[in-house]
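Visitor: based on what follows, work out the 3D shape:
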Amino acid sequence: MIGSERFRTHVCADTSDGEGQQVRLAGWVHRRRDHGGVVFIDLRDRSGIVQLVFHPEQAEAHVAAGHLSPEDVLSVTGTIVKRSAETVNDRIPTGRVEVAVDAVEMLSEADPMPFPVEDESVEVSEEVRLTHRYVDLRRSRGLRALELRSRISSAIRGSLEGNGFLDVETPMLTRSTPEGARDFLVPSRLHQGSWYALPQSPQLFKQLLMVGGIERYYQIARCFRDEDLRADRQPEFTQVDVEASFVEPEQVYGVVEDFIVAAGAEAGHAFIAPFARMGWEEAIRRFGSDRPDLRYAFEIQDWSEQALKTDFAVFKKTVEGEGVIRALVVPGGGAEFSRKDGDDLVAEAQSLGAKGLVWVVVTEDGSLRSPVAKFLEGLDADLGASAGDLIAMVADEEMVASTVLGSLRARFPTRYRMEPEAEWAMSWITDFPLVDWNADEKRWDSTHHPFTAPKPEHLEMLESDTAAVRADAYDLVINGVEVGGGSIRIHDRDVQQRVFELIGVGPEEAEEKFSFLLQALKLGAPPHGGFALGLDRLVMLLAGEDSIREVMAFPKTATGSDPLTGAPAPVDTAQLDELAVESVAPEPEPEA
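Guide: Numbers count the residues shown, from 1 in each chain. A predicted model of the protein is given here:
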């Protein structure tokens, strides 16, 4: 990272142990201080910061230092000298030395910054930071995130290549296929009226690579999905894509765990494989979610049988109607819990799909406080609740009760300042349903995608007991975040056709959209399976960030726009004419 000696012979970090050495450095003015004639400049480059000192004896350099502004770009020559004991700065690696400057060359003057680079405690809106992202990246938070991302990518590549995987690129311009999200479409100038689609994932191509005999493929691939955004979702994102032939799930787990352990090591975390395993049904029953945060041990409990013995009509009627009573004990959640908090919690549960919620606080004297406390004697003992705990209960259909409490469970640790029992918790979630019933469309939809193989022992039930069929699919969850997922793929053409028919894709539609895949499956397709991991999400977790935008060089905002470049933006009419595309302005919204 040296560059031309015209600008520098060393980077700032190299000065820490070079006392007496003549050096040339280049970088940005991080901070300037004038101490009674002697001027101090903190010079910053990617490697770190070093203090420059300008003495009046070096008149030309000293005068130049008096005119420097934050973020000016300099090249300086000088000598590394030891700081006096009282001026040592142990907060930076170069804090025991400074560079006495002999000469300064201004390389680029900076106008006043849109926000301070040197003081990261200053709050800056995301819109402003992303508009000036190149300035934001000068701050240590952005720089360190990209450095970590680079190291993690390198570690993943090394792990996969050490396991015999080939890095193979797949096309960015392909045809639109149904994969669960909206495609970004690209019009073709040469084939007017026809469109390419940007890949949601390299799914079909990596399967074709297996048919092609590659056997072990990987790619750190750019993917595109036109869907609503959130903190861990962007319209374009990066995926670690893996596929292998002649494997079952256990082999895929091993490959993925190897590169997760390697990635963790780059961030200073010693992860231990193998990771925990949990079936989908168990995850829903115990945690109400297929991405449970296992750093927190509290679980959903069943109180249905006990409810039948109470005089609480709502609970009894629910259980007699084949519903359930599910309960969640929140450690310490009742310590400052008010009646208004209870009303708010009921409203929150209703917004998540429950008909209502019953809350109970175990008081310091062991009694129960709740609008329906008189019906719930012994509840705390049944559920193992202690003084100061909050109990949240939902009476409903089993899936509704579980998922509502699961959503609340994900929110409670932050709300009630709960301490995790572990820093990291990894788990494979396995045995997902192959398909879900779409009540609105009156059809089955693929839970993952239509190329996911049913478990071999469930093939005979595909049409006769569809809801019970489980997929050879798996997700990896870290600290409650689904970082990736995969499956064993269908390699038998007849099974693929059966699955297509199950989800309403008839022979003609299948042939139209997937003829290349169906043809390949007739020409010697090996058993194969794979995995796709969201690199942005993994780096976000390892960097301790809450949003993937913080670990991407040039992210979009929550609305999918780029304030730096102004994208998306209108294009010239001539460009549209060339593509035989017409731009239609949206209808104005009617006045209220």
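Visitor: for the chain, what's the longest strand?
Guide: strand 22-35 (DSSP state E).
Visitor: give the other helices and strands that that one contacts.
Guide: strand 38-45, strand 48-54, strand 73-82, strand 97-108 (3 or more C-beta pairs under 8 Å, 6 or more residues apart in numbering; DSSP states H and E). Every C-beta, even on glycine, is put in place using the N, C-alpha and C of the backbone.
Visitor: what's the angle from it to strand 73-82?
Guide: Interaxial angle of strand 22-35 relative to strand 73-82 (axes from the mean of the first three to the mean of the last three C-alpha atoms, to 10 degrees): 90 degrees.
Visitor: what's the distance between residue 237 and residue 177?
Guide: Note on residue 237: its distance to residue 177, by C-beta to C-beta, to the nearest Å, is 18 Å.
Visitor: the more surrounded of the two?
Guide: residue 237 (19 against 16; other C-beta atoms under 10 Å).
Visitor: next SSE after the helix or strand containing that one?
Guide: Using DSSP states H and E, residue 237 maps to strand 236-245. Next helix or strand after strand 236-245 toward the C-terminus (DSSP H and E): helix 249-266.
Visitor: list the helices and strands that following helix packs on?
Guide: Against helix 249-266 (3+ C-beta pairs under 8 Å, 6+ apart) you get helix 140-162, strand 236-245, strand 426-430, strand 473-478, strand 481-488, strand 528-534, helix 535-542.
Visitor: does residue 9 count as helix, strand or coil?
Guide: Per DSSP: H, G, I helix; E, B strand; the rest coil, the local secondary structure of residue 9 is coil.
Visitor: ok, it - how many residues close by?
Guide: 17.
Visitor: what sits closest to it if chain neighbours are left out?
Guide: residue 24 (4.6 Å; C-beta to C-beta, 6 or more residues apart in numbering).
Visitor: check contacts around the one you found.
Guide: Applying C-beta atoms under 8 Å, 6 or more residues apart in numbering to residue 24 gives the contacts 5, 7-10, 75-77.
Visitor: tell me the two of these that are most distant?
Guide: Across the contacts of residue 24, the longest distance by C-beta to C-beta is 13.5 Å; it joins 5 and 76.
Visitor: comparing the two, which shows the higher neighbour count?
Guide: Legend: neighbour count by other C-beta under 10 Å for residue 5 and residue 76, higher for residue 76 (23 against 9).
Visitor: now, which of the contacts of residue 24 sits nearest residue 121?
Guide: Using C-beta to C-beta, the contacts of residue 24 come closest to residue 121 at residue 76, 28.0 Å.
Visitor: how close does the closest one sit to residue 535?
Guide: 38 Å.
Visitor: same thing with residue 276?
Guide: Separation of residue 276 from residue 535 (C-beta to C-beta) stands at 22 Å.
Visitor: who has more neighbours, the two?
Guide: Between residue 276 and residue 535, counted using other C-beta under 10 Å, residue 535 has the larger neighbour count: 25 against 11.
Visitor: find the nearest non-adjacent residue to that one, please.
Guide: residue 238 (4.3 Å).
Visitor: likewise for residue 388?
Guide: In space, residue 388 is closest to residue 335, 4.8 Å off (C-beta to C-beta, 6+ apart).
Visitor: same question for residue 122.
Guide: Per C-beta to C-beta, 6+ apart, closest to residue 122 is residue 116, 5.3 Å.
Visitor: per-residue confidence for the one you found?
Guide: Residue 116 carries a pLDDT value of 95.
Visitor: now it: how far from residue 109?
Guide: From residue 116 to residue 109 the distance is 17 Å (C-beta to C-beta).
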